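[1] Any chance you could fold what I've pasted below:
(one chain, ligands or ions: 2)
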Amino acid sequence: GQGRLNSSTKIPKGNLSDGNRKLDAFSKQMLAQHRKSLPIASVDKRLVEEVQKHDTLIIVGETGSGKTTQLPQFLYNAGFCGDGKLIGITQPRRVAAVTVAKRVAEECGVNLGEKVGYSIRFEDMTSSLTRIKYMTDGLLLREALLDPHLSRYSVIIVDEAHERTVHTDVLLGLLKSVQDARSKSLNNLQNTKNKKTNNDIQLKENGAQCLNFLKQYQGRTPLKLIIMSASLDARIFSEYFGGARAVHIQGRQFPVDIFYTLHVENDYLDASLATIFQIHLEEGPGDILVFLTGQEEIESVERLVKERLKQLPENSKKLVAVSIFSSLPSEQQMRVFAPAPPGFRKVILATNIAETSVTISGIKYIIDPGLVKARYYDPNKGLESLVVVPISKAQALQRSGRAGREGPGKCFRLYQEDQFGKFEDSTKPEIKRCNLSNIILQLKALGVDDISGFDFIEKPTRSAIVKSLEQLFLLGALTDDCKLSNPVGRQMACLPLDPIYSKALILASEFNCLEEMLITVAMLSVESIFYSPRDKKEESRTTKKSFASPEGDHLTLVNVYRASNEFLEKRSGLSKEKREKAFRKWCKENFIDSRSLRHARDIHSQIRRNVEQMGLRVASCGDDVLQFCRCLAASFFLNAALKQPEGSYRALANGEIVSIHPSSVFFKNKPECLIFNELVETNRKYIRNTTRIDYLWLTELAPQFYAVQN
Ligand code: ADP
Ligand code: MG
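    Ligands and ions are numbered 1, 2, ... in the order given. Just a heads-up that it's a prediction; the model follows:
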């Protein structure tokens, strides 16, 4: 069983403060005025009519026009939540689901988790009162495992469909079949109902049964499906849904001046920093939005901005840096929306989440290094890696457009004009460039056995499907005829994790080290625990050594986690605020990213609950760390690598030559054989998070792979 989907009647505790804000009359008026001024406000009636008329509708509208925040409210007010049904809105990104839900709760004047709520992996802010529910696309896919007809929903809005994440794509296919199934079962019921009402005698005789039947009947309505997208190309969605109706919402856009660099910028972080201060010191008022590729980069630029500010004369110091990225704790996410103090300029450091998913007002300047972090999968090698790659033209346009929402703006592209010309027109859908084992496992659990036959909006390549099936088979999730008929596969599908991590947890209960593995998986689920500022490289390295385990990075992470436990337990008498402050200080002194660690701690308590519900035994291997290392080998055998004479490593599964990442405890002192978790490509192919293993364990623990090969 999985209890993640909360449907209790209690209002969830904690975090309520954001939506809980008592609005004074003045701010209420301001909010109402803001809502009325949005482009979507003038077409509200027409949109509701379109939804009433068409079961599937595609809505394309400029970013910031009010689609995400307003449409669900229009539909709610028009009565789409009769019979306690829900309006579900999916987002590719968790931050968007959270911040938008908070905003809408505020606009509706309710506490978050009441009428308006959100649900994302590891965090559920809904209750039995919730009618407008924001969630990630991945979460709705998981809900379908428990409720295949998604019968609680009257409307599902798939938002940001242009992002084409693998979850969005699969969700569209699933919703298409759910919609069919619901219409069919509705027709069937209607037919039987007609027959039954013809038969008065039976009706009277069997009142109870009839009542039951009516209840069942009322519970079924056709599923309204709305696909929303920011890009202009609605055709692909319309065609996929059999020529579904598409409507456009006109936005407002002021001119944005675009500037390119004259030379290639070798260090885009330095260039971003220089541009931030150039704008701050030379341009008129207005906030700055900088697009960076990830949390580590954002936090390092944040620190550099603060340092540089200290060196400026007093009258130039009025700049505040705020950041937004997906693993930012939800209580910190709303900070980017708060206006800067009077006289101050705000610089927002964001990942591509700020491209279309969230709209922050007051932005006049954009800094665009032209890069994004993306997943790439090589099916021949079975390797997935995170790579920083150039954005597409469509993305560059979206980014610059963000400066022109409230007035004319400027966009500084940190690349040359002819480089822009070489960008792809649009971004390749994720399903064409990622490992599919996670999604295949979920489809199998949903009863879709023929993966190549599934009605994808765009089919993944055959080789990617085959390789992912093979991987699932090797992990023991599928039988040799690719069926999900064994308990291990079902257990794996229940956990909201990558199959390889789910497998590690299941195995760990056999190896008596589930306690260590839970910590490991939680710590690996966040971007980076350690950081090393440029000017304190040595210092941070020494500090890190105090946590280091000779076995490798995994146990090092376990040590950090346990040290943080000990630290917090000692201060359990303190108030929450004082404890939190002390925790942040401790993290800073140890060059640990406090946000990442906090996030990992939250994830840990969630997955611990998950595995306990599954009945797995949580035990510690204590000093017998060999057990834990063997369990890592048994789980991550597909990522094993052997040292080469010149100090690099050869991945055993595919012969790829890789190097140990400088952050690893093995960077200098290299073991003969190891397993790794992640491949990161910059100028080289680096493996991150490694643990020393004995080569012979592989044939012993993963004979299905190694015995055949050697
Ligand atoms: P769209 O989905 O069409 O891109 P949204 O509905 O997200 O547009 O945004 C509409 C407006 O609501 C924007 O002007 C934006 O500034 C505002 N808004 C959205 N979320 C928040 C928030 N969390 N805080 C303050 N304003 C917000
Ligand atoms: Mg939106």
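[2] Which residue comes closest to the residue in the stretch 451-600 of the chain that ligand 2 sits nearest to once chain neighbours are left out?
    In the stretch 451-600 of the chain, no residue comes nearer to ligand 2 than Ile457, which is 19.8 Å away by C-beta to the ion. For the C-beta atoms, the positions are set from N, CA and C on the backbone; glycine is no exception. Excluding the flanking residues, the one nearest Ile457 by C-beta to C-beta, 6 or more residues apart in numbering is Tyr240, at 4.9 Å.
[3] can you pull the contacts of the residue of the stretch 451-600 of the chain closest to ligand 2?
    169, 172-173, 236-237, 240 (C-beta atoms under 8 Å, 6 or more residues apart in numbering).
[4] Apply 10 Å and report the result again.
    The contact partners of Ile457, taken as C-beta atoms under 10 Å, 6 or more residues apart in numbering, are 161, 164, 168-173, 176, 236-237, 239-241, 429, 431.
[5] which one of those is nearest ligand 2?
    For these, the closest approach to ligand 2 (C-beta to the ion) belongs to Ala161, at 10.7 Å.
[6] Now that closest one. Nearest residue, chain neighbours left out?
    The shortest distance from Ala161 to any residue that is not its chain neighbour, by C-beta to C-beta, 6+ apart, is 4.5 Å, and that residue is Ser229.
[7] Next one: the residue of the stretch 451-600 of the chain closest to ligand 2 relative to Arg245, how far apart?
    Separation of Ile457 from Arg245 (C-beta to C-beta, to the nearest Å): 17 Å.
[8] do Thr293 as well
    Distance check for Thr293 against Arg245: by C-beta to C-beta, it reads 37 Å.
[9] go on, Asn610?
    As judged by C-beta to C-beta, Asn610 and Arg245 stand 41 Å apart.
[10] who are the neighbours in contact with Leu309?
    277, 280, 316-321 are the contacts of Leu309 under C-beta under 10 Å, 6+ apart.
[11] Kindly recompute the last result at 7 Å.
    Neighbouring residues of Leu309 by C-beta atoms under 7 Å, 6 or more residues apart in numbering: 317, 319.
[12] what does Ala582 give?
    571, 574.
[13] where does it land on pLDDT?
    The score at Ala582 is 96. That number is its pLDDT.
[14] and if you look at Tyr377?
    What the model reports as pLDDT for Tyr377 is 87.
[15] which other helices and strands contact the helix or strand it falls within?
    Secondary structure assignment for Tyr377, by DSSP states H and E: strand 371-378. Packed against strand 371-378 by the contact rule (3 or more C-beta pairs under 7 Å, 6 or more residues apart in numbering; DSSP states H and E) you find strand 383-390.
[16] The strand it packs on to strand 371-378, inter-axis angle?
    150 degrees (axes from the mean of the first three to the mean of the last three C-alpha atoms, to 10 degrees).
[17] so, in contact with ligand 2 or not, the helix or strand following strand 383-390?
    Along the chain past strand 383-390, the next helix or strand (assigned with DSSP H and E) turns out to be helix 393-401. No: Helix 393-401 lies apart from ligand 2 when judged by C-beta under 5 Å from the ion; the minimum separation is 11.8 Å.
[18] Mind giving me the packing neighbours of the helix or strand just after helix 393-401?
    Where DSSP H and E defines the elements, the next helix or strand beyond helix 393-401 is strand 409-413. The criterion is 3+ C-beta pairs under 7 Å, 6+ apart, and the helices and strands that strand 409-413 contacts are strand 256-260, strand 363-368.
[19] Show me the contact partners of the last one.
    Residues lying outside strand 363-368 but in contact with it, judged by C-beta under 7 Å, 6+ apart, are 272, 275-276, 279, 283, 286-291, 396, 399-400, 402-403, 407, 409-414.
[20] before we move on, what about stretch 648-655?
    Under the contact criterion C-beta under 7 Å, 6+ apart, stretch 648-655 has outside partners 381-383, 638, 640-644, 657-660, 687.
[21] For Pro408, which non-adjacent residue is closest in space?
    For Pro408, ignoring the flanking residues on the chain, the nearest one in space by C-beta to C-beta, 6+ apart is Phe254 at 4.7 Å.
[22] Now do the one you found against Lys364, distance only.
    When C-beta to C-beta is applied, the distance between Phe254 and Lys364 equals 10 Å.
[23] Need the residues touching each of the two.
    When C-beta under 7 Å, 6+ apart defines a contact, the residues bordering Phe254 and Lys364 alike are 407, 409.
[24] Those two: which is more packed in?
    Lys364 (24 against 13; other C-beta atoms under 10 Å).
[25] Tell me the spacing between the more buried one and ligand 1.
    Separation of Lys364 from ligand 1 (C-beta to the nearest ligand atom, to the nearest Å): 14 Å.
[26] Also Asp593?
    Look at Asp593 and ligand 1: by C-beta to the nearest ligand atom, they are 24 Å apart.
[27] List phi and psi for that residue.
    Backbone dihedrals for Asp593, given as degrees, to the nearest 10, come out at phi -80, psi 110.
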